[in-house]
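In: turn this into a structure:
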Amino acid sequence: MASGVTRALLDAHLHTWHRATNPQPWIDPTTMAAIDRDFSMAQAGEVIAAHGGVGGVVVQAINSHRETIDLLAAASARDGLAVVGWVDLTGDVAAQVDALRGAPGGDALVGIRHLVHLEPDDAWLLRADVARGLEALASAGLPFDLVVRPWQLRAAAQVARAHPGVLLVLEHLGKPPITSPELVRWTTELQALAGHDNVVAKVSGLTLEDDWGSWTAERLRPVLDHALETFGPDRLMFGSDWPLVELTGGYGPWKDAYLSLTGDLSPAEQAALDSGTARRAYSL
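Out: Okay, here's the model as predicted:
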């Protein structure tokens, strides 16, 4: 990276929540004390600005129509923030998307996510009713954010192959098990998924897959290098996973690690990772 050049990041993965209206039962107050509170859209904008960012994508945290409506309304008051919301993929997706787009702040809707990694059926993505829902998303011009565990990457690749018109956004690089021998399997499965041109991926959440208190940029390097080799910079995007990143030291240390790990890329490659891929994937 050229000396003195400031890289402006578009943060493709943040969360906000107000637990009185949208409970977050997954937050463990013992192990997740740093995020055991509410986080607002205003705070998301502030943390982006504090780190020199140029915008962000706030992603749903629970499978809830109400939460998505609230996120859209909150985003409407904040310049530069977009929303990946939720619809029931097994229902009338077109009608649900129309309702969201017609709600206050509906113009901020740029994608859809379902918490696939929490489904007890690892083949949930392969269900016929889900397949119809994914095709409806493509017809609506919306990508689908994929949050999956490493052992679900194979099903994700099957979905990518079966639905070439659906843009899939893999979150957190498929959650590589950095401290486990299972990382070898992740390496193979990620390469297979990356073989489908309709898949892009977020370089986000990686510190959460390492030891929360002792992670290092160098331990993350093999994972990011593999993603760069398989996807290429033009299909990768930066994300902070704020506020969850507060569990592993905060936004600043992760951003610094990301900038260091991608510092040897060309300016064009950095631009793709920093903002270009996200702008293209989410039509920002």
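
In: give the residue spans of this protein that score low on pLDDT.
Out: Filtered on pLDDT under 70, the chain yields the residue ranges 1-5.

In: all the strands of it, residue numbers only.
Out: The residue ranges that make up the strands of the chain, judged by DSSP state E, are 11-14, 56-59, 81-85, 109-114, 144-146, 168-170, 199-203, 236-238.

In: looking at these, which is buried most?
Out: For those, ranked by mean neighbour count under the definition mean count of other CB atoms under 10 Å, the leader is strand 11-14 at a mean of 29. Backbone N, C-alpha and C define where each C-beta goes, glycine included.

In: tell me which other helices or strands that strand touches.
Out: For strand 11-14, the packing partners by 3 or more CB pairs under 8 Å, 6 or more residues apart in numbering; DSSP states H and E come out as helix 41-50, strand 56-59, strand 236-238, helix 277-281.

In: need those in CSV (columns: distance to Thr262).
Out: Formatted as CSV, those follow (distance: least, CB to CB, whole Å):
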stretch, distance to Thr262
helix 41-50, 18
strand 56-59, 19
strand 236-238, 8
helix 277-281, 12
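
In: Pro253: which of these is closest?
Out: Each of the helices and strands packed on strand 11-14 was checked against Pro253 via CB to CB, and the shortest separation belongs to helix 41-50, namely 13.4 Å.

In: list the buried ones in that closest one?
Out: 41, 44-45, 47-48 (16 or more other CB atoms under 10 Å).

In: and Val54, how far from Ala74?
Out: 19 Å (CB to CB, to the nearest Å).

In: the more surrounded of those two?
Out: For Val54 versus Ala74, the count of surrounding residues by other CB atoms under 10 Å is larger for Ala74: 22 against 15.

In: mind checking which residue lies nearest the centre of the protein?
Out: When the chain is reduced to its mean C-alpha position, the nearest residue by CA atoms, centre = their mean turns out to be Glu171, at 4.1 Å.

In: list the contacts for it?
Out: By CB atoms under 8 Å, 6 or more residues apart in numbering, the residues touching Glu171 are 13, 59, 113, 145-148, 201-202, 204-205, 239.

In: excluding chain neighbours, what is closest to Ile48?
Out: Excluding the flanking residues, the one nearest Ile48 by CB to CB, 6 or more residues apart in numbering is Gly56, at 4.9 Å.

In: identify the bridge partners of that neighbour.
Out: Counting by DSSP bridges, Gly56 is bridged to Asp11, Leu81.

In: I figured it hits Thr16, correct?
Out: No - between Gly56 and Thr16 there is no contact, the gap being 10.2 Å when judged by CB atoms under 8 Å.

In: got any residues that touch both of those two?
Out: Taking CB under 8 Å, 6+ apart as the contact rule, Gly56 and Thr16 both touch Ala44.

In: for this structure, what spans make up the helices?
Out: Taking DSSP state H as the criterion, the chain contains helices spanning 41-50, 65-75, 93-102, 128-139, 153-162, 183-194, 217-231, 251-261, 267-271, 277-281.
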